[in-house]
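*Asks:* any chance you could fold what I've pasted below:
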Amino acid sequence: MRARDRSKDCGGGVPGPCACRTAAHAWRTLIHLALPGALLAGLLLTGAGNRTASLAAEGGAAKSGAAAGGVQQAVGTREWAFPRDHGQHPAYRLEWWYYTGNLRGADGRRFGFQVTFFRRSLHRGAAPRSSAWAVESLYLAHIALSDIGRRRFFHESRMARDSLELAGAARDAHRVWLEPWRATPLADDPHGVALDVDGEAFGLHLRLRALRPPLLHGQGGLDQKGPAPGQASWYYSLPRLEVTGRLSLEGAGSAVEGLAWMDHEFGSGQLGAELAGWDWFALQLSDGSDLMLYRLRRRDGSAGPFSGGTLLAPDGTATRFALGDAGQSLLPGDWWRSPASGGRYPLTWQIDLPRWAIRLSVRPAFETQELTAGPGVPFPYWEGAVTVEGTLRGAAVKGTGYMELTGYAGTLNPFFE
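*Replies:* The predicted structure follows:
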């Protein structure tokens, strides 16, 4: 049975019509996958949905990856190999491919974009698929566009299972699709990808070429987000991608160029019950540095002990850090209340990393980049383009990036059970 959704939000967080709604029991099955944006800790650390039966391991790619509950856990070490590891990892319960970026049109107009594919495994054993109708995974995709100059925000989503090739991902290449929305590898770049998505209000046809090799987070790509073994994910980024292509909005097309960031993460663990949400940042600075950091937020608003990030220097040196160590901090500033959801979000932030003499201020390109709840989006969250200003070792720097804020407009827990 097929399930598809084309929900959208057009400006100011006002939901638009939903087309192609399907049977209620299909929606209830898929809602466990329908979690937005990077959803950094939640998607990869939640035990949402029914536990699956035995899953095949991945041919020794991960060492000491002990299984729990019939799925592979993110533990031990991993021998990374690209472009193979740009593909799917079916031994793990949850996986996503996440692309965000800042674009400028030929006429000078500025845009932000998000394209995300999620995979939720249902595979029940090592035997190959016996029928084209058999389901191994459920897929969800989100696309969003921020029209910065006109302060308008659009988002849409689709859902499908991987039977009959409605959706899927290659196991050895950077290829993911959900119906007509696709990420396809570039022939001349082992890390490059073409994004081709057409929604009801906007379309993106972009070519992303890697300016830097994959950046492994945590310890060798194992990013721990809790104290228990397996309470982690395998996580890497392509932190600086040169973008060229075309963007269409409400029937008008334009050539665009800019910078993008890609995250790929997979695991099978659970998010700690003490956490209320997370705040995630991917920032590209004018001196050539790239910064990923996140705050796993406790219910009292403080940062959990596994909050941190990775700084990639212009010379390629990568350093992992923990928030709270040696004065490293990420603190909210001004707050904004959404007229659509009632959620109250901290939209300006101060980043202090004294180890590198870094002090940055992060501001949204505009406020109303909130995905409101609806089909394909079970709870509201804020995801959008940001600008950065500050100093690094005494020199002024600027930059752009993306920010995600969850858990500020209602609890996430009902969707993690």
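*Asks:* could you check how far the closest residue to G301 other than its chain neighbours is from A385?
*Replies:* Once flanking residues are discounted, G301 sits nearest to A276: 8.0 Å by C-beta to C-beta, 6 or more residues apart in numbering. Placement of C-beta: from N, CA and C, glycine included. Going from A276 to A385 by C-beta to C-beta, to the nearest Å gives 25 Å.
*Asks:* low-confidence stretches in the stretch 101-250 of the chain?
*Replies:* 123-130 (pLDDT under 70).
*Asks:* for it, just list every one of the strands.
*Replies:* Under the criterion DSSP state E, counting those that start in this stretch, the stretch 101-250 of the chain contains strands at 110-121, 137-147, 152-161, 167-169, 176-178, 181-185, 193-198, 202-210, 215-216, 222-224, 232-249.
*Asks:* V256 is nearest to which of those?
*Replies:* When the strands of the stretch 101-250 of the chain are compared by C-beta to C-beta, strand 232-249 sits nearest V256, at 4.8 Å.
*Asks:* buried sites along stretch 142-159?
*Replies:* Residues 142-148, 152-159 are the ones in stretch 142-159 that count as buried (16 or more other C-beta atoms under 10 Å).
*Asks:* equivalent analysis for stretch 305-316, please.
*Replies:* Of all the residues in stretch 305-316, those buried under the rule 16+ other C-beta under 10 Å are 306-312.
*Asks:* list the contacts of the nearest residue to V71 once chain neighbours are set aside.
*Replies:* Computed as C-beta to C-beta, 6+ apart, the closest residue to V71 that is not its neighbour in sequence is S268, at 4.2 Å. S268 makes contacts with 68-69, 71-74, 92-94, 230, as judged by C-beta atoms under 8 Å, 6 or more residues apart in numbering.
*Asks:* cool, and Q328?
*Replies:* Applying C-beta under 8 Å, 6+ apart, we find Q328 in contact with 308, 321-322, 352-355.
*Asks:* what about burial for the residues you listed, which qualify?
*Replies:* Buried among the contacts of Q328 (16+ other C-beta under 10 Å): 308, 321, 352-353.
*Asks:* looking at these, which are in strands?
*Replies:* Among the buried ones among the contacts of Q328, the residues falling in strands (DSSP state E) are 308, 321, 352-353.
*Asks:* give me the pLDDT value at the residue nearest to V71.
*Replies:* Looking at S268, its pLDDT stands at 90.
*Asks:* A365 is in contact with I148, isn't it?
*Replies:* Yes. A365 lies in contact with I148 (C-beta atoms under 8 Å); the separation is 4.6 Å.
*Asks:* who touches both of the two?
*Replies:* With C-beta under 8 Å, 6+ apart as the test, A365 and I148 both reach 110, 112, 385.
*Asks:* closest one of those to S329?
*Replies:* A385 (23.2 Å).
*Asks:* what's the neighbour count on that closest one?
*Replies:* Burial measure for A385: 26 neighbouring residues, criterion other C-beta atoms under 10 Å.
*Asks:* that one sits in which helix or strand?
*Replies:* If you go by DSSP states H and E, A385 is part of strand 381-392.
*Asks:* hang on, A340 packs against T372?
*Replies:* Yes. At 4.8 Å, A340 counts as touching T372 under the criterion of C-beta under 8 Å.
*Asks:* comparing these two, which residue is more hemmed in?
*Replies:* Taking other C-beta under 10 Å, A340 and T372 do not tie; T372 has more neighbours (22 against 17).
*Asks:* distance of the more buried one from P378?
*Replies:* 11 Å.
*Asks:* cool, G108 as well?
*Replies:* Distance, G108 to P378, by C-beta to C-beta: 37 Å.
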